[in-house]
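Visitor: structure for this input, please:
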Amino acid sequence: FDRFVVGKTNRLAHGGAVAVAESPGARYNPLFLYGPPGLGKTHLLHAIANAQLQKATTTRPRIAYVSGESFTAQYV
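Guide: Predicted coordinates:
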């Protein structure tokens with residue numbers, strides 16, 4: 001998160017991503033990021049995953065990075 005440039009177009013997404021990274025599964029579960037290209041959606045998702053990997057002490061967390069279509073198909 002320290003290299004992510006926060007602007008008025010992505011401030012809400014950044015705040016949601018930070019909240020998810022701090023308490024996964026408790027806030028914004030699931031987190032949906034939607035918007036035009038170039039706003040940092042992929043960077044935020046990677047930042048969440050990296051934060052979880054850095055917190056892990058004994059076991060590695062299970063992280064799924066899937067497209068919206070794949071998520072919907074599995075969820076339904």
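Visitor: distance of residue 35 from residue 64?
Guide: The gap separating residue 35 from residue 64 is 21 Å, by Cβ to Cβ, to the nearest Å. C-beta here means a position set from N, CA and C on the backbone, and glycine is covered the same way.
Visitor: residue 43 now?
Guide: In terms of Cβ to Cβ, residue 43 sits 18 Å off from residue 64.
Visitor: more neighbours: the two, which one.
Guide: Counted by other Cβ atoms under 10 Å, residue 43 and residue 64 do not tie: residue 43 has more neighbours, with 17 against 8.
Visitor: beyond the helix or strand residue 13 falls within, next helix or strand please.
Guide: In the assignment (DSSP states H and E), residue 13 maps to helix 11-22. Next along the chain after helix 11-22, taking DSSP H and E as the criterion, comes helix 41-55.
Visitor: quick one: residues in contact with whichever helix or strand comes after that next one.
Guide: Using DSSP H and E, the helix or strand that follows helix 41-55 in sequence is helix 68-75. Contact with helix 68-75 is made by 30, 32, 66, as judged by Cβ atoms under 8 Å, 6 or more residues apart in numbering.
Visitor: could I get the phi/psi values of the residue lying farthest from the centre of the chain?
Guide: Distance from the centre of the chain peaks at residue 58, with 22.0 Å (Cα atoms, centre = their mean). Backbone geometry at residue 58, expressed as degrees, to the nearest 10, gives phi -110, psi -40.
Visitor: roughly how far does it sit from residue 17?
Guide: In this view, residue 58 and residue 17 are 25 Å apart by Cβ to Cβ.
Visitor: try residue 30
Guide: Applying Cβ to Cβ, the value for residue 30 to residue 17 is 12 Å.
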